[in-house]
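In: With the sequence up front, the predicted model follows.
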Amino acid sequence: MPNLTSTAIRRLARLEPFPQPNVIPLRNPVVLMHGFGLLAFLAKGGHLHEEAMHLRVRGILAFAPNVSPYDTISDRAVTWKSHIQEILSQTRHTKVHLIAHSMGGLDARYLISELGMHKHVLSLTTISSPHRGSSIADIVLEQPGKIKEWLNDAANWLGEQAMINGNADFHRAIENLTPSAMTEDFNPKVINHPDVVYRSFAGGAGKGTLHSINPILRPFNSIIYAREGINDGLVSVNSAIWGDYQGEIAADHAQQIGIDFMPSSNFSSNAFISDLIQDLSNQESGSTQP
């Protein structure tokens, strides 16, 4: 009888020696940088807040601050710089790793190369960032004047309400993201800094792939596929490649930040970011960095 009772208790309790997630021994803080728009309305705290909290449970000093969702690359970069300086002050570190989604990757490149932040950035990993622009920006700018005016006014109002003392310049931000603006103006001027490691991932879903895509993104997916090939609903694979290309992930643009309406999807933004951080930790361990 005592043996039977002991067995039953063990089965009910099932206490593991270490039930908490393993710590990832990354020496420097991580800043998660979000992209364009207000998908954050669907994610309490911001686009990448949940992913930052997931990393903190694993011992990572992770931060996911917010900047204006509808502003230009240069203006957003100034705000990111202020946020990163605050993070360095809080953590008493001198350098960070940046992981940036979508437009956030362009902001990051600008602040590293144009705002002197190369001194404080060890690496930049971009996820589906439109380094060569997006056809969707062209489509927006090709709309009739009244539609563009309505979009501009609505987006600017939303952007200004979303942040305390928020700024917004939807039209200029969209102009920043066109293929011509990126390839003819931004990329020739904003050069990778030799002291920073640049890596990138692309996303692929919908047309030309075996992966389903959010119905909201499906029309955009078809437009970009016709003009640029395989894409995630907003950014093509070709546009997302920058620096040391790490490969294509089977996720649409929203799934990459944890917004997933597809029951058949097995992609987890938390697991993806955790694996990415583990890789950064492995690289740190293999480096000569003190």
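Out: Looks like it arrived, so ask away. Numbers count the residues shown, from 1 in each chain.
In: Tell me who's in contact with the nearest residue to A168 once chain neighbours are set aside.
Out: Leaving out its chain neighbours, the residue that sits closest to A168 by CB to CB, 6 or more residues apart in numbering is G159, at 3.0 Å. Using the backbone N, CA and C atoms, a C-beta is placed for each residue, glycine as well. By CB atoms under 8 Å, 6 or more residues apart in numbering, the contact list for G159 reads 38, 68-71, 166-168, 170.
In: And S129, how far from A62?
Out: Distance, S129 to A62, by CB to CB, to the nearest Å: 19 Å.
In: if we can go back for a sec, now for the contacts of G159, which pair is the farthest apart?
Out: Longest distance between any two of these is 14.4 Å, between L38 and N167; criterion CB to CB.
In: host element of V31?
Out: In this assignment (DSSP states H and E), V31 forms part of strand 30-33.
In: Please identify the buried residues of that strand?
Out: Residues of strand 30-33 classed as buried by neighbour count (16 or more other CB atoms under 10 Å): 30-33.
In: can you redo those as CSV with distance to S222?
Out: Converted to CSV, the buried residues of strand 30-33 look like this (distance: CB to CB, whole Å):
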residue, distance to S222
V30, 35
V31, 34
L32, 30
M33, 28
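In: and which of these is nearest to S82?
Out: Taking the buried residues of strand 30-33 together and measuring to S82 by CB to CB, the closest member is V31, at 12.0 Å.
In: so what's the closest one bridging to?
Out: Beta-bridge pairing for V31 (DSSP bridges): F63, L98.
In: separation between it and I223?
Out: V31 is 32 Å from I223, where distance means CB to CB.
In: Repeat that for G105.
Out: In terms of CB to CB, G105 sits 21 Å off from I223.
In: now swap in Q20 and tell me
Out: Taken as CB to CB, the span from Q20 to I223 is 45 Å.
In: Please say which of those two ends up with more neighbours.
Out: Higher neighbour count among Q20 and I223: I223, with 18 against 9, using other CB atoms under 10 Å.
In: Centre of the chain to stretch 158-177, how far?
Out: 18 Å (CA atoms, centre = their mean, to the nearest Å).
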